[in-house]
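[1] Fold the following, please.
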Amino acid sequence: PKIMAPLAHRACMAPIARVNVPLRPKRNLLHMGTSLYSPPCLGRVIQTVLLAFVTVMPLQSPYLSAAQAAPPAAVSTATAGSLRLGMHKSISLATKPPSRTYVLFTGFPFPLGPFTERRTVATELVKDKVYSFEQEIRLAGISANVRSTVFRMRDNHLLVYNPVAPTEEFLQQLDALHHDGVSHILLGATPYEHKVFVGPFSRRFPQAKVWAVPDQWSFPLD
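    A predicted model of the protein is given here:
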């Protein structure tokens with residue numbers, strides 16, 4: 001009060017000394033049916049008091065219920081452990097790329113490389129229906145691509161044409177298609193670079209039927 005009184009007095013004196021206007025009746029803010037006469041500086045005084053009150057007032061409302069003011073309940077130890085475990089698993093799967101390892105030294109005397117690792121490149125050819133999966137092959141310093149084409153059938157099963165090496169990366173790319181299983185595996189060529197992967201791939205999907213075009217051969221015994 002000792003600080004606010006001089007401020008209010010100083011704020012009130014200047015307007016009264018400069019302007020000499022008749023006092024006008026103002027309606028009581030409390031609507032008590034009476035009127036009061038106030039100097040022109042009353043608005044400034046009220047504004048100063050309100051500003052000081054708002055400055056020192058705490059930000060948290062005192063009318064918060066106990067449930068709102070209380071901190072959130074802690075998750076039980078078992079639930080938190082499972083959540084943390086699930087989070088770590090998802091992070092590890094997202095950050096660790098799938099394996100491209102596939103060991104292949106067959107094809108004597110001209111084995112097909114790469115011999116220990118194969119990258120798979122997936123491409124959607126027809127939206128939600130036809131997909132291609134390509135891997136590199138090497139022979140005597142020559143590098144080319146070999147392709148597997150996958151068709152989604154009406155029952156949401158897959159037909160895999162000329163499968164490539166069944167690496168973990170390739171199998172995860174197939175799983176990402178959200179299919180109901182691999183129903184048919186078709187070998188549509190006779191060259192070695194296509195049929196060398198049919199056996200290993202079909203063993204990953206034992207329920208699938210395996211088809212092959214005629215005139216197949218093997219070496220050294222046919």
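[2] Can you list the low-confidence ranges for the chain?
    Residue ranges of the chain with pLDDT under 70: 1-95, 107-109, 222.
[3] those helices in it, which residues are they?
    With helices called from DSSP state H, the chain shows them at 4-18, 42-56, 66-69, 77-95, 168-175, 192-195, 198-204.
[4] Please list the outside residues in contact with stretch 171-179.
    Pro98, Thr120, Ala122, Tyr131, Phe133, Val150, Arg152, Asn156, His157, Leu158, Val182, Arg204 (CB atoms under 8 Å, 6 or more residues apart in numbering). To be clear about C-beta, it is placed using only N, CA and C from the backbone, and glycine gets the same treatment.
[5] So which bits of that stretch are buried?
    By neighbour count, with 16 or more other CB atoms under 10 Å as the criterion, the buried positions of stretch 171-179 are Leu171, Gln173, Leu174, His179.
[6] just to revisit the earlier point, nearest to Thr106, out of the contacts of stretch 171-179: which one, please.
    Nearest to Thr106 out of those is Arg204 (CB to CB; 18.0 Å).
[7] Surely that closest one touches Glu168?
    No - between Arg204 and Glu168 no contact is recorded; they are 10.7 Å apart, counting by CB atoms under 8 Å.
[8] rewinding a little: Pro191: which of the contacts of stretch 171-179 is nearest?
    For the contacts of stretch 171-179, the closest approach to Pro191 (CB to CB) belongs to Phe133, at 17.6 Å.
[9] For the nearest residue to that closest one once chain neighbours are set aside, grab the count of nearby residues.
    Counting by CB to CB, 6 or more residues apart in numbering, the nearest residue to Phe133 once its immediate chain neighbours are dropped is Ser148, at 4.7 Å. Residues near Ser148, counting by other CB atoms under 10 Å, number 23.
[10] surely Ser148 meets Leu158?
    No - Ser148 is not in contact with Leu158 according to CB under 8 Å; the separation is 10.9 Å.
[11] Is Phe201 in contact with Tyr161, as I believe?
    No - in this structure, Phe201 is not within contact of Tyr161 by CB under 8 Å, at 11.3 Å.
[12] roughly how far apart are the closest residue to Phe105 other than its chain neighbours and Ala140?
    When the adjacent residues along the chain are set aside, Phe105 lies closest to Pro111, with 5.3 Å between them (CB to CB, 6+ apart). Relative to Ala140, Pro111 is positioned 10 Å away (criterion: CB to CB, to the nearest Å).
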